[in-house]
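>>> Sharing a sequence plus its predicted fold:
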Number of protein chains: 2
Amino acid sequence: MAKSTHTSGAVEKKLVGLADLVIRAAEKGRDPAIEIPVRSLSNVKFNERKRIIEMGSNTQDRTFFNVGMAKKFMQTMLVGDALAELQRAGLTTSLREIYYRAKHTIADSHENTFDGQNESDPLIEDLEVALEALREELHVRAENAGTVIGPLTVLDDGDTVDCAKLGKGGYSVPSIVEPDYVQIKKCTADFVLLVEKGTQWNRLAEDKFWKKYNCILLTGNGQPPRGVRRLARRLNDEKKLPVYVLVDNDPWGYYIYSVVKQGSINLAFESQRMAIPEAKFIGLSSHDPEKYGLPRNVGIKLNEKDVSRAKELLNYPWFQKKEWQKEIRHMLSVGLKFELDALANKDFQYLTKKYLPKKLQDKDWLD
Amino acid sequence: MAKSTHTSGAVEKKLVGLADLVIRAAEKGRDPAIEIPVRSLSNVKFNERKRIIEMGSNTQDRTFFNVGMAKKFMQTMLVGDALAELQRAGLTTSLREIYYRAKHTIADSHENTFDGQNESDPLIEDLEVALEALREELHVRAENAGTVIGPLTVLDDGDTVDCAKLGKGGYSVPSIVEPDYVQIKKCTADFVLLVEKGTQWNRLAEDKFWKKYNCILLTGNGQPPRGVRRLARRLNDEKKLPVYVLVDNDPWGYYIYSVVKQGSINLAFESQRMAIPEAKFIGLSSHDPEKYGLPRNVGIKLNEKDVSRAKELLNYPWFQKKEWQKEIRHMLSVGLKFELDALANKDFQYLTKKYLPKKLQDKDWLD
């Protein structure tokens, strides 16, 4: 079980502070209110200097004696209570279980405290921003859908796990990798390769790419889950490792990279501790099919959605660099997207033996 | 890299045999033909004695000098060739990469060998049944979406991996766990608990349930992928461990259990080496909410699809036991489904501390 540490003690204190606030207001006969930063597009901006998406400083009061807010206020308190229970017991749980935990029928009524998880999830995000605590610090897990292999030794729940000695399977990255839970004991790698899809991760693991190039292979099987992003961020932060992101050449791949690099609009608050502004895009670039001689017939025609998504990306402040405009416009002009899997058209080990070695040697990446 | 062994040598021989057959036919001026077992519902039956879904003995010839079959015959050979390449090089890959590998434009034409993965996937299944080789033996991977923790030591690619010493993260179950790739070195567990969802697996891992109850905790994050099923099957086969399946109480949960237990209709051929006829359904049962005092408001109303799916299940030969009919009919009569997550309504550790201990003590499961 997770041991309480300074950090979790501090979070518990903040949660209890919420309840105190209500009690103090009640004693004084005042309307209790919580100040919650506004989580909408209007309060989000790209910080050019730090190169991350950040939240602005607008806040809103949530009060109890307000017909429109009373239920939400009560619900916020219930969620806060469930979160405090997690802190006290040193437990973690999922968004869904918090919903179930906080759900009950209000005494002498037929009304439920919550009718769906869509009512409790946003309140957890409200509390994250109001209390300035990462979701992980509130002990709320996402899925643990990631895998890591390479010269990295971590301490997890008292066990020393050497990720270079786990065959081709690897260590299943926990959803929460905060220092309270997972300590980085040793890391002798030169860089982190964050691979979008499991197929390519498997190829690289099977070929022991990480051994030859002394790197950490990380995948989240699609859009990387929070644990994978936090681990990459910590390796970048604490071990000063460059992070290279390898994704399909399509608007979705560009987007995955951009979330890893500067965070997302929806969770702007977390960028400061989730984003990796130094991350590089190592491929697939829209120029790669030509450079590496991939035939046109392994490309996939861009559909309408791809085209409009790509045009949206062209307007994002963080894609304004000349090279990025060229990259995205070239995809649009060719009219094709390419999956990493298409490299297998050359041969099954092309990724390991030709593509990545050349990319690394030529420092052929985008920033 | 995977070392070739007796098994993979045998598979390569079978694949080369395909090519030989064409050459021999050409030399004799005959039409080359491959005999392929029929993979359709008409050729599938439930074997009451073995308690698995099996393929019947109907086969069909695929010939080259037949306008309707010529392209498919050629495609089958191309896929066979790509699979033979994998065997020779000791590599594994994905269905998608095989498609890309075998795709090219036919000389002096604008025609592609394959226009989509939907053309190559069925041919791989054809070759599985024709050559009597599991997909894993053909070196084709699925996703590695599973995680395991507990008193189990495996040898993976020369590394000895002790799954009891991997913190709360665990060992990421490789897609291919055939004896050529993963050897079970030691296993002192009393049983395997196969958990549908990652949330509950995380709960049990965090609470060290596997230590107290001396079991192996396995999850596939949803419908268990092939590697997870094969690992459970091997632990059942080789180590004689009972396998208990823990799923949501809904038709989908029943179905997941039934696939683990007797295989699936679509892949009937594989049941002999994938199914676990001794697997038990430990919950959630439709009787559990009452037994464990879960309030009605944490149940979810069955929708039309749930109801019709449940009625289909009632007709499957493998759900004809009295207890199963009672189980499914009870869900229908209550009109609610329950997620495992709903146990959190009692308290966050209810699953670990109350529900499962009582289930195990009372041997309260369905066969």
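Arrived safely.

>>> Please report phi then psi for the residue nearest the centre of chain A.
The C-alpha lying nearest the average C-alpha coordinate of chain A belongs to A:Arg226 (CA atoms, centre = their mean; 3.6 Å). Backbone torsions for A:Arg226, taken as degrees, to the nearest 10, come to phi -60, psi -40.

>>> out of everything not next to it in sequence, what's closest to it?
Using CB to CB, 6 or more residues apart in numbering or on different chains and skipping residues adjacent in sequence, the residue nearest A:Arg226 is A:Ala142, 4.7 Å away. Glycine gets a C-beta too; all of them are placed from N, C-alpha and C.

>>> can you count the residues close to the one you found?
Neighbours of A:Ala142 under the rule other CB atoms under 10 Å in any protein chain shown: 18.

>>> isn't the residue nearest to the centre of chain A right next to A:Ser175, touching?
Yes - counting by CB atoms under 8 Å, A:Arg226 touches A:Ser175, with 6.7 Å between them.

>>> Show me whatever sits in contact with both of the two.
When contacts are counted by CB atoms under 8 Å, 6 or more residues apart in numbering or on different chains, the set common to A:Arg226 and A:Ser175 consists of A:136, A:142.

>>> Stretch A:295-307 and chain B in contact?
Yes - using CB under 8 Å from any CB of the partner chain, stretch A:295-307 reaches chain B at A:295, A:297-298.

>>> Dump these to CSV, plus pLDDT and secondary structure.
Listed next are the residues of stretch A:295-307 next to chain B as CSV, based on pLDDT from 0 to 100; DSSP: H, G, I helix; E, B strand; the rest coil:
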residue, pLDDT, secondary structure
A:Pro295, 95, coil
A:Asn297, 94, helix
A:Val298, 96, helix
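
>>> wait, what's in contact with A:Tyr292?
A:Tyr292 neighbours (CB under 8 Å, 6+ apart): A:343, A:346, A:354-355.

>>> Ok, A:Ala344 next?
A:350-351, B:93, B:97-98, B:100-101.

>>> so can I have a markdown table of the residues you listed showing neighbour count?
Formatted as a markdown table, these follow (neighbours: other CB atoms under 10 Å in any protein chain shown):
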| residue | neighbour count |
| --- | --- |
| A:Tyr350 | 18 |
| A:Leu351 | 25 |
| B:Thr93 | 26 |
| B:Glu97 | 29 |
| B:Ile98 | 28 |
| B:Tyr100 | 26 |
| B:Arg101 | 28 |
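
>>> wait, which of these is closest to B:Ser42?
B:Ile98 (27.7 Å; CB to CB).

>>> Let's see the pLDDT reported for A:Ser8.
Note on A:Ser8: pLDDT of 63.

>>> which residue does the stretch 201-350 of chain A bring closest to chain B?
Among all residues of the stretch 201-350 of chain A, A:Ala344 sits closest to chain B, at 3.8 Å; criterion: CB to the nearest CB.

>>> So A:Leu313 sits against A:Pro251, correct?
Yes - shown here, A:Leu313 and A:Pro251 form a contact pair, counting by CB under 8 Å, at 6.0 Å.

>>> Looking at the two, which is more packed in?
Counting neighbours by other CB under 10 Å for A:Leu313 and for A:Pro251 shows that A:Pro251 has the greater number, 22 against 19.

>>> what's the first-to-last distance across stretch A:348-364?
End-to-end distance of stretch A:348-364: 22 Å, with CA to CA, to the nearest Å as the criterion.

>>> now check it, is it near chain B?
Yes - with CB under 8 Å from any CB as the measure, stretch A:348-364 is seen reaching chain B through A:348-349.

>>> Show me the shaky parts of chain A.
By pLDDT under 70, the low-scoring segments of chain A are A:1-8.

>>> so where does the nearest residue to A:Ser285 once chain neighbours are set aside fall, helix or strand?
Nearest residue to A:Ser285 in three dimensions, chain neighbours excluded: A:Glu327, at 6.0 Å (CB to CB, 6+ apart). Element membership for A:Glu327 (DSSP states H and E) is helix A:322-334.

>>> Among the contacts of A:Ala344, which lie within strands?
Among the contacts of A:Ala344, DSSP state E puts B:Thr93 in strands.

>>> ok, so of the contacts of A:Ala344, who is nearest A:Glu278?
Proximity of the contacts of A:Ala344 to A:Glu278 (CB to CB) peaks at A:Leu351, which lies at 23.6 Å.

>>> Correct me if wrong: the closest one contacts A:Arg203.
Yes - the criterion here is CB under 8 Å, and A:Leu351 meets it with A:Arg203 at 5.7 Å.

>>> count of neighbours near A:Ile53?
27.

>>> for the spatially closest residue to it that is not a sequence neighbour, what are its contacts?
Distances taken as CB to CB, 6+ apart put A:Gly263 closest to A:Ile53, at 4.4 Å, once the chain neighbours are dropped. Going by CB under 8 Å, 6+ apart, A:Gly263 touches A:52-53, A:270-271, A:274-275.
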